[in-house]
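Visitor: what follows is a predicted structure for the sequence shown.
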Amino acid sequence: MALMKFDELYPNYRDTSSDSFDIDDLKQFSVYADGNDKVGSVSDILVDTADGRIRYFVVDTGFWVFGKKVLLPVGRASIDYNDKRIYVNSMTKQQVEDLPNFDELDKVDYDYEEQVRNVYRPAGFIPAATTNQTVDRDHYQYNQDADLYDLSDRNHQGLKLYEERLLADKKRQKTGEVSIGKHVETVTARATVPVEKERVVIERSAPTQTSPVNAGEAFHDQQVAHVDVYEETPDIRKEAFVREEVRVRKEVEQDTVTAEETIRREELDINTQGRPTVKR
């Protein structure tokens with residue numbers, strides 16, 4: 001059986017876990033023995049690489065047994081998540097002194113674990129033999145010491161308290177559309193253009209001189225005075241020009257929609273009989 005430290009086996013646990021309680025937080029729990037004596041605190045968690053189950057808590061005994069770290073099988077632990085404590089069933093200071101010191105994980109082999117198990121096993125206990133009749137690290141199964149490695153249901157009974165949560169989400173849906181086009185309308189337009197017209201004015205008057213003229217100069221037939229007469233006429237035509245440009249775009253407006261719903265939540269009811277000591 002290969003053991004690894006929890007944070008080395010699952011280095012990205014905190015990034016991927018969605019549980020409200022992080023198992024790695026157990027490393028902050030205090031450890032108490034019989035008589036409510038504080039043994040120390042959890043400094044590491046050892047996990048079985050074969051199935052990912054927690055097998056040991058590494059307990060730093062602090063001043064209880066100065067400077068010593070020992071292994072605590074999880075089956076001997078009763079975890080109080082509210083008070084962040086771990087209570088050890090039937091643990092004495094003598095047991096801690098008898099346990100081998102935990103320095104490096106590489107030193108934890110079958111013989112080392114057997115020293116640990118023998119301290120916690122009841123007197124006269126004989127582990128179940130494997131099918132090969134060989135009790136060694138290659139064939140040993142932790143279920144042979146179920147009371148050491150299985151979390152006790154009696155010590156970890158609990159209820160799940162549920163609550164409803166109002167989850168707000170949004171979806172995009174089509175609410176309409178806008179199309180633009182054009183059509184031709186006709187109107188009557190008027191344009192005023194001033195024009196000039198020439199007219200011929202013939203004026204006749206008596207001469208101011210009455211002296212005779214040369215007969216050769218007078219009495220000529222077919223003598224004509226010619227005058228060209230002009231007038232302006234309006235030149236009205238139609239041409240097309242760009243009157244207006246139209247562009248279509250969209251703008252997004254932000255709005256906040258508030259919804260209210262009645263949600264339910266379960267609260268814990270504690271009923272006791274007699275005078276038990278209850279830690280909340």
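Guide: Arrived safely. Numbering: from 1, shown residues only.
Visitor: beta partners for residue 38?
Guide: Beta-bridge pairing of residue 38 under DSSP bridges involves residue 32.
Visitor: residue 35 and residue 73, how far apart?
Guide: 20 Å (Cβ to Cβ, to the nearest Å). From N, CA and C alone the C-beta is placed, and that goes for glycine too.
Visitor: same check, this time on residue 254
Guide: 58 Å.
Visitor: now do the contacts for residue 91.
Guide: Residue 91 makes contacts with 33-34, 39, 72, 76, as judged by Cβ atoms under 8 Å, 6 or more residues apart in numbering.
Visitor: switch the cut-off to 10 Å
Guide: 31-35, 37, 39, 59, 70, 72, 76-77, 99, 119-120 (Cβ atoms under 10 Å, 6 or more residues apart in numbering).
Visitor: coming back round to it: neighbour count for residue 35 and residue 73, which is higher?
Guide: Shown here are residue 35 and residue 73; by other Cβ atoms under 10 Å, residue 73 has more neighbours (24 against 8).
Visitor: which residues does the more buried one contact?
Guide: 46, 54-57, 88, 113, 116-117, 119-121, 142, 145, 147-150.
Visitor: in which helix or strand does the residue nearest to it when sequence neighbours are not counted reside?
Guide: Leaving aside its sequence neighbours, residue 73 sits nearest to residue 148 (Cβ to Cβ, 6 or more residues apart in numbering; 4.0 Å). According to DSSP states H and E, residue 148 maps onto helix 146-149.
Visitor: and for that helix, what's in contact with it?
Guide: With Cβ under 10 Å, 6+ apart, helix 146-149 has contacts from 48, 53-56, 72-76, 89, 113, 116-117, 120-122, 125, 127-128, 141-143, 152.
Visitor: out of these, which sit inside strands?
Guide: Counting by DSSP state E, the part of those found in strands is 48, 54-56, 72-73.
Visitor: could I get these as TSV with distance to residue 200 and pLDDT?
Guide: Below are the ones in strands among the contacts of helix 146-149 laid out as TSV (distance: Cβ to Cβ, whole Å; pLDDT from 0 to 100):
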residue	distance to residue 200	pLDDT
48	129	88
54	127	88
55	131	91
56	133	92
72	135	92
73	136	91
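Visitor: go ahead and build a PyMOL selection from the buried members of those residues.
Guide: Buried residues within these, by 16 or more other Cβ atoms under 10 Å, are selected in PyMOL with:
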select buried, resi 48+54+55+56+72+73
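Visitor: nearest to residue 63 among the ones in strands among the contacts of helix 146-149?
Guide: Here the nearest of those to residue 63, counting by Cβ to Cβ, is residue 72; it sits at 17.5 Å.
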